[in-house]
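Undergrad: just coords:
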């Protein structure tokens, strides 16, 4: 049953909620009114991921010039309430009250804030202030057909389709010697010159692999995780011709004199595809994640998702299995009793149809 939107009011009426002594500020496209009774935030409607505006049913993001005098007003559980409005049809739509859950610590650096609504927005309100645009053209999934026979080509096809073009980077940060590296790793670094985003993951493949020696012998560290608290490496130098696609070692706490190591299920070429899919999921502009649910609830997804024929990623942790659809990445973790699904998308409109499945979402950008 559809709900009626709250009544639209004028900007003057919205700002009057702040009370006497109103002082107006602009933080990016947002207007902030500071008064004796409250702080009023008026944001622009529209689809603005990671910039000022409504992000989802739970949150609003503010970004702009530094305004030190507003810092105290956005303190968590501050003395004055924060009222949020969105511009709609040249008037203002009340969205409710919110609390700040993230901002710079120092007042002098106050140039952004993340606000969480005290009551999530109804879907009708969210669609009005943050309309979902059509996805337009999205990357295909034919690269999945290459995973078994040619994982390097599969990686190249996925990366070139998923990440946007950028100018070739030709400075010392990417000028590494590729001739002696295994072909899969050399191909990854050549690809990074065309799509530098794959070097920007939270847990990256190293721009310059690092040679180390220790209890595991001589090895080449190719990627790190959790601020170098864990790493992935290959034996180095390679000793046998059949090591052209070497196995990969995952090492817990590499600085420990006797580190715990796990041999990855996949060889280097397929591991790099796993690693890249995971990184692409984590940095996708739009994401979603369900709460735990019985695996049978996922049955409706198998008609739209293609499995990527790789072993579970990081089996001692989440053991995520990857799935894809045009413009959509997914991973599933769990066991025979419960499962969790995460999604990453390039366009909000690719996520929105997932609402039809009736999952309980702990996060949903669509």
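TA: That came through, no problem. Computed from a predicted structure; not experimentally measured.

Undergrad: have a look at this protein and report its longest strand.
TA: The longest strand of the chain (DSSP state E) is strand 91-102.

Undergrad: name the residues of it that are buried.
TA: 92-95, 98-100 (16 or more other Cβ atoms under 10 Å). C-betas here are computed from N, CA, C, even on glycine.

Undergrad: roughly how far out does that strand sit from the chain middle?
TA: Relative to the centre of its chain, strand 91-102 is centred 24 Å away, using Cα atoms, centre = their mean, to the nearest Å.

Undergrad: who touches that strand?
TA: By Cβ atoms under 8 Å, 6 or more residues apart in numbering, the residues outside strand 91-102 that reach it are 5-11, 13-14, 41-42, 45, 54, 59-60, 74-78, 81-87, 113-119, 121, 125, 128-129.

Undergrad: please apply the same query to stretch 14-31.
TA: Residues outside stretch 14-31 that contact it (Cβ under 8 Å, 6+ apart) are 11, 32-44, 51-53, 62-65, 67, 69-70, 83, 85, 92, 94, 111.

Undergrad: go again with 6 Å.
TA: 32-38, 40, 42-44, 52, 62-64, 67, 83, 85, 92 (Cβ atoms under 6 Å, 6 or more residues apart in numbering).

Undergrad: which non-adjacent residue is nearest the spatially most central residue of the chain?
TA: Nearest to the geometric centre of the chain sits residue 283, at 3.4 Å (Cα atoms, centre = their mean). Spatial nearest neighbour of residue 283, excluding adjacent residues (Cβ to Cβ, 6 or more residues apart in numbering): residue 201 at 6.2 Å.

Undergrad: got the contact list for stretch 69-84?
TA: Counting by Cβ under 6 Å, 6+ apart, 17, 38-41, 60, 95, 97-98, 100, 103, 107, 110, 113 sit against stretch 69-84.

Undergrad: report the buried residues of that stretch.
TA: Here stretch 69-84 shows 70-71, 73-74, 80, 82-84 as buried, counting by 16+ other Cβ under 10 Å.

Undergrad: from the contacts of stretch 69-84, pick the one nearest residue 350.
TA: residue 60 (22.7 Å; Cβ to Cβ).

Undergrad: so that closest one belongs to a strand, correct?
TA: Yes. Assigned with DSSP: H, G, I helix; E, B strand; the rest coil, residue 60 falls within a strand.

Undergrad: ok, it - contacts?
TA: 54, 84, 115.

Undergrad: bridging residues for it?
TA: Beta-bridge partners recorded for residue 60 (DSSP bridges): residue 54, residue 115.

Undergrad: with residue 24 instead?
TA: Residues in beta-bridge contact with residue 24 (DSSP bridges): residue 33.

Undergrad: if I look at it, how far off is residue 87?
TA: 15 Å (Cβ to Cβ, to the nearest Å).

Undergrad: can you classify residue 350 by secondary structure?
TA: Following three-state DSSP, we place residue 350 in the helix state.

Undergrad: what's the answer for residue 156, then?
TA: Judged by three-state DSSP, the three-state class of residue 156 is helix.

Undergrad: run through the residues that contact residue 332.
TA: Neighbouring residues of residue 332 by Cβ under 6 Å, 6+ apart: 321, 339, 341.

Undergrad: run through the protein and note the low-pLDDT ranges.
TA: Per-residue confidence for the chain (pLDDT under 70) gives these ranges: 1-3, 166-179, 215-216, 227-228, 240-242.

Undergrad: where do the helices sit along it?
TA: Taking DSSP state H, the helices of the chain run over residues 11-16, 123-129, 151-162, 183-194, 268-283, 348-351.

Undergrad: residue 329: which of those is closest?
TA: Closest of the helices of the chain to residue 329 is helix 268-283, at 5.1 Å (criterion: Cβ to Cβ).

Undergrad: so what's the gap between that closest one and the chain middle?
TA: Helix 268-283 sits 14 Å away from the centroid of its parent chain (Cα atoms, centre = their mean).

Undergrad: swap in stretch 43-59?
TA: How far stretch 43-59 lies from its chain's middle: 16 Å, per Cα atoms, centre = their mean.

Undergrad: fine by me, thanks again.
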